[in-house]
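>>> Pasting a predicted model and its sequence here:
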Amino acid sequence: MNLPEGFQEKYRTLLGSQSDAFLASFNAEPSKGFRINPAKQRAVLPLVDTSEPVPYVSGGYYGNVAGKSIVHTSGGVYSQEPSAMYVGQTVAPQPGEMVLDLCAAPGGKSTHIASQMANSGLLVANEINSKRAKILSENIERFGLTNVVVTNNAPEQLAEKWPETFDRILVDAPCSGEGMFRKDHEAVQYWHPNYAADCAARQKTIVSQAVKMLKPGGTLIYSTCTFAPEEDEQIIAWILKNYPEFRTLPIQKYPGMQSGQPQWADNNPMLNDTVRLWPHLLKGEGHFIAKLIKQSAQITTAESAKTRKKKRRKSVRQAMLTKAETELLTDFIKQTFQTNPFTFTQIEINDGHVHQRPNIQLDYEGIRILRNGLNLGVFKKNRFEADHALALALTTSEFRQVFEVDEQQYQHYRHGEALAWIKATPQKQSKTFGLLTYQGLGFAIGKLVNQQLKNYYPKGLRD
Ligand SMILES: C[S@@+](CC[C@H](N)C(=O)[O-])C[C@H]1O[C@@H](n2cnc3c(N)ncnc32)[C@H](O)[C@@H]1O
């Protein structure tokens, strides 16, 4: 790979005797990996090669999974390069917590974080870029997550709304991406001697908003996929200097991982707690991770009281279903599921679209929401149409009708075609929704009508 002269010089100076190995690593193949969705593990394990586990991530494996394979489309796995998996592992959310992933698209860390929360508590997965936020939302859906709200806002807008709200915040910052040069050759072209400093300025702006949203006692995780000290140790040194209520927490170092380098910033020994993953020392791309705890209140007591009052004044705006809509939805649930899998008190309707919000609620006025928990479906004239998300969030045993398809039918359905279905037995009810599975994994919703499985595969996902 052609690396800019300035880049090579910079890392020769910083890395000394290690620099040859470091620069040579750019000519090696990038590492690939996938993470198994714990909720679908039993069905996925026989279908993937788990011979090479990533030693520092439970459920993480080296290898490649095709995007069109059933383990991928059913949300059984998330393809993620191995070093990046250590970020979600370091976040280590506890069930029931309120977590914010501030720079979340396309969703690698969010899907990992939410998987560890086992659908309890709340994860707000935010992405500033609207196109990327849509992809994030699709990945949250694919992973079958029901406790996630996907938002599309600038960090400043969220901080205004949610002061001292979260137990954990991840800032997986936009960065110069030097650690991804092997994966994305184009990224090299953006490199210039001041690029890291430009990125650092933006990172400080983002972090300063994250700091406001963290509860006292809360944990901030900061990560980048770059080697540049300006964006790594120097950002953490800046946080420690400007926000004295923060201190670092040690991150476990597995073989091949190194401590952050205090001498690349202001020599603060706390930087030894941070971790660097180098491509010449382990099988993975370049990453930096820091974990910090906020020890005391960031905003003054007077300000907190004002915020609490403001929060109390805001009533929760929850659109309710009409009697007719409730009846239609109840019929749909009875016909489709063995027992009611939903919590009615959390069901809301927005423009005919029905969703079950997570059980922890925030004030979302003025916030752009792309997904709020689990999408159930939409009212259309006098019927209720099931949402694709149900196929991914619910298990096969929850559906009354399960249609196990073969390889060819799997491909056809994903192209958008209806399937002839003559296997219908008397107990298979006509005109009701059911789950399509392939190799035991649910991947779509379908409706059996006159010995045909009508296609409900979302247009945007067809191929
Ligand atoms: C490293 S990527 C995040 C990757 C993601 N966490 C994952 O694991 O899939 C950084 C993200 O920050 C977003 N971003 C860019 N500028 C931003 C800003 N000023 N504030 C917040 N996020 C920003 C980018 O659009 C990008 O999606």
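That came through, no problem. Numbering: from 1, shown residues only.

>>> For Lys334, grab the count of nearby residues.
Neighbours of Lys334 under the rule other CB atoms under 10 Å: 12. Backbone N, C-alpha and C define where each C-beta goes, glycine included.

>>> swap that for Gln203, sorry
Neighbours around Gln203, by other CB under 10 Å: 24.

>>> now Gly256
Other residues near Gly256 number 16, with proximity taken as other CB under 10 Å.

>>> Sticking with the closest residue to it other than its chain neighbours, tell me its helix or strand.
Leaving out its chain neighbours, the residue that sits closest to Gly256 by CB to CB, 6 or more residues apart in numbering is Leu282, at 3.0 Å. Assigning secondary structure by DSSP states H and E places Leu282 outside every helix and strand.

>>> For Leu282, give me its contacts.
Shown in contact with Leu282 (CB atoms under 8 Å, 6 or more residues apart in numbering): Ser83, Tyr254, Pro255, Gly256, Met257.

>>> Same question for Leu214.
Glu164, Phe166, Ile169, Leu220, Lys294, Gln298.

>>> check whether the longest strand along the chain contacts the ligand.
Longest strand of the chain, by residue count under DSSP state E: strand 214-224. No - if you take CB under 6 Å from any ligand atom as the test, strand 214-224 misses the ligand, and the best it gets is 7.4 Å.

>>> What mean pLDDT does that strand get?
Mean per-residue pLDDT for strand 214-224: 98.

>>> following it, which helix or strand shows up next?
helix 233-242.

>>> So which bits of that next one are buried?
By 16 or more other CB atoms under 10 Å, the buried positions in helix 233-242 come out as Glu233, Gln234, Ile235, Ile236, Ala237, Trp238, Ile239, Leu240.

>>> same question, stretch 36-45
So, applying 16+ other CB under 10 Å, buried residues of stretch 36-45: Ile36, Asn37, Ala39, Lys40, Ala43, Val44.

>>> what are the ranges of the helices in the stretch 1-150 of the chain?
5-15, 19-24, 41-44, 70-73, 82-91, 108-117, 130-142 (DSSP state H, counting those that start in this stretch).

>>> Tell me how far the residue lying closest to Ala389 once chain neighbours are set aside lies from Pro106.
Among residues not flanking Ala389 along the chain, Asn375 sits closest, at 4.4 Å (CB to CB, 6+ apart). Separation of Asn375 from Pro106 (CB to CB, to the nearest Å): 19 Å.

>>> same check, this time on Gly218
Relative to Pro106, and taking CB to CB, Gly218 is found at 25 Å.

>>> Give me the more crowded residue out of those two.
Between Gly218 and Pro106, Gly218 has the larger neighbour count (other CB under 10 Å), namely 24 against 18.

>>> Closest one of the buried residues of helix 233-242 to the ligand?
The ligand lies nearest to Ile235 out of the buried residues of helix 233-242, by CB to the nearest ligand atom, at 13.8 Å.

>>> Next one: the closest one, what pLDDT does it get?
98.

>>> if I pick the residue lying closest to it once chain neighbours are set aside, what's in contact with it?
Nearest non-adjacent residue to Ile235, counting by CB to CB, 6+ apart: Gln203, 5.4 Å away. With contacts defined as CB under 8 Å, 6+ apart, Gln203 is in contact with Val171, Ala173, Pro174, Cys175, Thr224, Glu231, Ile235.

>>> same thing but 10 Å
With contact set as CB atoms under 10 Å, 6 or more residues apart in numbering, Gln203 has these partners: 103, 171, 173-175, 196, 222, 224, 230-232, 234-235, 238.

>>> Show me the shaky parts of the stretch 151-300 of the chain.
Scanning the stretch 151-300 of the chain for pLDDT under 70 picks out 297-300.

>>> repeat for the stretch 301-450 of the chain
For the stretch 301-450 of the chain, the ranges with pLDDT under 70 are 301-319, 424-430.
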